[in-house]
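> take this sequence and fold it.
(one chain, ligands or ions: 1)
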Amino acid sequence: MECFEVTGGTALTGRVRVTGAKNSALKLMAAALLAAGRTTIDEVPDILDVAIMSEVLRRLGCEVTYERHAQGGGGRVVVDVPDKPDTETDYDLVRRMRASISVLGPLVARCGSARVALPGGDAIGSRGLDMHISGLERLGATIESEHGFLVATAPRLVGTSIWLDFPSVGATENLVMAAVLAQGTTVVDNAAREPEIVDLCAMLAGMGAQIDGAGTSTITVEGVPALRPVTYTTVPDRIVAGTWAIGAVMTRGDVVIERAVPDHLTVALAKLADAGAHVEPVDGGLRVAMDGRPRCVDVVTLPYPGFPTDLQPMAVALAAVSTGTALITENVFEGRFMFVNELVRLGASVRTDGHHAVVRGRERLSSAPVLATDIRAGAGLVLAGLVSDGVTEVQDVHHVDRGYPDFVEQLRGLGARIERVERPG
Ligand code: UD1
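Presented below is the predicted three-dimensional model:
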């Protein structure tokens, strides 16, 4: 078992570079399936989830290579897609990474069928697929569930209007990727507006797709008969950038986050400014600095452009060492407060009730062994360890490795005292 040993008491200072967004790169790789030939995607983070998506694509018959850049945690992926991809994605891969289901839309659109294993349970909530399924059915696919697989068939998809009950990121992406090769016009209403959706639509446009309204709640897709491969660069990771920004404030440090896009973090940065931080866009990135103890600020997670649910654990950790009391409300994923019990082990004063958490700030936390329950919870616990007395051992760090390239190295580059250690499992 690998753990992080975090010694508290140092401020994060210096410069850190952010590579492409995990949540975009995985979908861009799936989108490569829409055209035969070599698609090249740059600034793809060197993380476990990218390795899993590469394996998903290999089993569909693609050749996938990853060439890491010398610095910055990113690299270039080349996906060579055959004329006739295979259409089955197994449970062993989908179980390891839920985002594997984003091959569903491209496969149905391009091959007329797909068999993708159902993801099953998830540590941060039920995460249904109902909107993916009903949207594909509206486009003309027949979808059945058999032996743990979703089986979709559609000799030809036909454009239609789709209204999502909730602006789901994954459903919006799957439906747009299906609609680009459908016959006629598709309108997706109440679509997700995340920068990763805009990124996916920009890559699809580069492949020859006709898409209007990416980044708004109404996306219109005019189907085309075929797409071509493309060379594309992934949008910078706003969640990784936000993690470093919150870390700078919690540890009362001063960090320049290269390649961070302030416009993708508007609400989160406004919250940090309310907490007393100095937040300043700089050439090619963002500077966040903090003098003295932060103030508690209330946070409500919402679909973009609201405060991102993926930064909620870091927001709770920040409030835990701020002055005053904060109310944190989680509106996107049920069960995302599970990690709070771990934070309480570090001496944080947090009470949860349904989708609310009341956090009473303390001057410092006190180190203890804690368990990373998912990617972002793990990152939040490490930030908490940086402001705890003594040495905090964060266990199950494979979760963190799924989302943060060179996590330990990047933190050490900012002056943190953190080691990766092996423990008997
Ligand atoms: C993506 C991100 C994840 C982020 C989330 C919200 C990836 C790989 N993951 O997840 O990091 O936290 O967006 O910003 O990109 N839902 C349904 N039915 C559906 C689809 C979703 O009920 O058909 C529900 C989910 O259970 C959840 C909510 O909608 O409660 C949001 O899910 P969604 O936006 O789809 O998130 P993901 O795409 O899974």
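> up against the ligand, what does the protein have?
23, 26, 99, 125-132, 166, 168-171, 309-310, 332-333 (Cβ under 6 Å from any ligand atom). From N, CA and C alone the C-beta is placed, and that goes for glycine too.
> filter the residues you listed to the buried ones?
23, 26, 99, 127, 129, 131-132, 168-171, 309-310, 332-333 (16 or more other Cβ atoms under 10 Å).
> pLDDT-wise, what's the bottom of those?
By pLDDT, residue 127 ranks lowest within these, coming in at 66.
> got the domain boundaries for this structure?
Under the assignment automatic domain parsing, the domains of the chain span 2-18+236-422, 22-233.
> what about the last one, start to end distance?
Think domain 22-233. Across domain 22-233, the terminal residues are separated by 12 Å (Cα to Cα, to the nearest Å).
> now it: how far from the chain's centre is it?
What separates the centre of domain 22-233 from the centre of its chain is 15 Å, taken as Cα atoms, centre = their mean, to the nearest Å.
> low pLDDT regions in the stretch 301-425 of the chain?
The model of the stretch 301-425 of the chain has pLDDT under 70 over residues 425.
> where exactly do the strands run in it?
Secondary structure of the stretch 301-425 of the chain (DSSP state E, counting those that start in this stretch): strands located at 325-329, 349-353, 356-360, 365-366, 369-371, 388-389, 391-395, 417-422.
> now mean neighbour count too, for those, in CSV please.
Formatted as CSV, those follow (neighbours: other Cβ atoms under 10 Å):
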stretch, mean neighbour count
strand 325-329, 18
strand 349-353, 14
strand 356-360, 19
strand 365-366, 19
strand 369-371, 20
strand 388-389, 19
strand 391-395, 21
strand 417-422, 13
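> all helices of the stretch 301-425 of the chain, in order?
Shown for the stretch 301-425 of the chain, the helices assigned by DSSP state H, counting those that start in this stretch span residues 312-320, 340-345, 375-386, 398-401, 407-413.
> nope, the stretch 101-250 of the chain is what I was after
With helices called from DSSP H, counting those that start in this stretch, the stretch 101-250 of the chain shows them at 104-111, 130-138, 169-179, 195-206, 238-250.
> elements contacting the fourth one?
Which is helix 195-206. Contacts defined by 3 or more Cβ pairs under 8 Å, 6 or more residues apart in numbering; DSSP states H and E place helix 195-206 against helix 22-31, helix 169-179, strand 210-212, strand 231-233.
> dump these into CSV; add distance to residue 415 as well.
Converted to CSV, the helices and strands packed on helix 195-206 look like this (distance: least, Cβ to Cβ, whole Å):
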stretch, distance to residue 415
helix 22-31, 25
helix 169-179, 34
strand 210-212, 43
strand 231-233, 30
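> who touches the closest residue to the ligand within the stretch 101-250 of the chain in this structure?
Here the residue of the stretch 101-250 of the chain nearest the ligand is residue 170; by Cβ to the nearest ligand atom that distance is 2.8 Å. By Cβ atoms under 8 Å, 6 or more residues apart in numbering, the contact list for residue 170 reads 99, 101, 102, 132.
> dump those residues to JSON lines, plus distance to residue 353.
Shown next, in JSON lines, are the contacts of residue 170 (distance: Cβ to Cβ, whole Å):
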{"residue": "99", "distance to residue 353": "31"}
{"residue": "101", "distance to residue 353": "32"}
{"residue": "102", "distance to residue 353": "34"}
{"residue": "132", "distance to residue 353": "31"}
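> go through the residues you listed and say which is closest to residue 417.
Using Cβ to Cβ, residue 99 is the member of the contacts of residue 170 that sits closest to residue 417, with 32.7 Å.
> any idea how far the nearest residue to the closest one once chain neighbours are set aside is from residue 13?
Residue nearest to residue 99 in three dimensions, not counting chain neighbours: residue 26, with 4.6 Å by Cβ to Cβ, 6 or more residues apart in numbering. Counting by Cβ to Cβ, to the nearest Å, the separation of residue 26 from residue 13 is 32 Å.
> and for residue 3?
Counting by Cβ to Cβ, the gap from residue 3 to residue 13 is 25 Å.
> neighbour count: the two, which is higher?
Comparing residue 3 with residue 13 by other Cβ atoms under 10 Å, the one with more neighbours is residue 3, at 20 against 16.
> and the pLDDT at the more buried one?
Here the pLDDT value assigned to residue 3 is 96.
> so which of the helices of the stretch 101-250 of the chain is nearest residue 268?
The nearest among the helices of the stretch 101-250 of the chain, by Cβ to Cβ, is helix 238-250 at 5.1 Å.
> show me what secondary structure element comes after the closest one.
Following helix 238-250 in sequence order, the next helix or strand is strand 254-258 (DSSP states H and E).
> for the very next helix or strand once past that next one, C-alpha coordinates in PDB please.
Where DSSP H and E defines the elements, the next helix or strand beyond strand 254-258 is helix 266-274. Taking C-alpha atoms only, helix 266-274 is exported to PDB below (Å, rounded to 0.1, in the frame of the first residue of the first chain):
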ATOM      1  CA  THR A 266     -14.400  32.700 -11.300                       C
ATOM      2  CA  VAL A 267     -16.600  31.700  -8.300                       C
ATOM      3  CA  ALA A 268     -13.800  29.700  -6.600                       C
ATOM      4  CA  LEU A 269     -11.400  32.700  -6.800                       C
ATOM      5  CA  ALA A 270     -14.000  35.100  -5.600                       C
ATOM      6  CA  LYS A 271     -14.500  32.900  -2.600                       C
ATOM      7  CA  LEU A 272     -10.700  32.900  -1.900                       C
ATOM      8  CA  ALA A 273     -10.700  36.700  -2.200                       C
ATOM      9  CA  ASP A 274     -13.600  36.800   0.300                       C
END
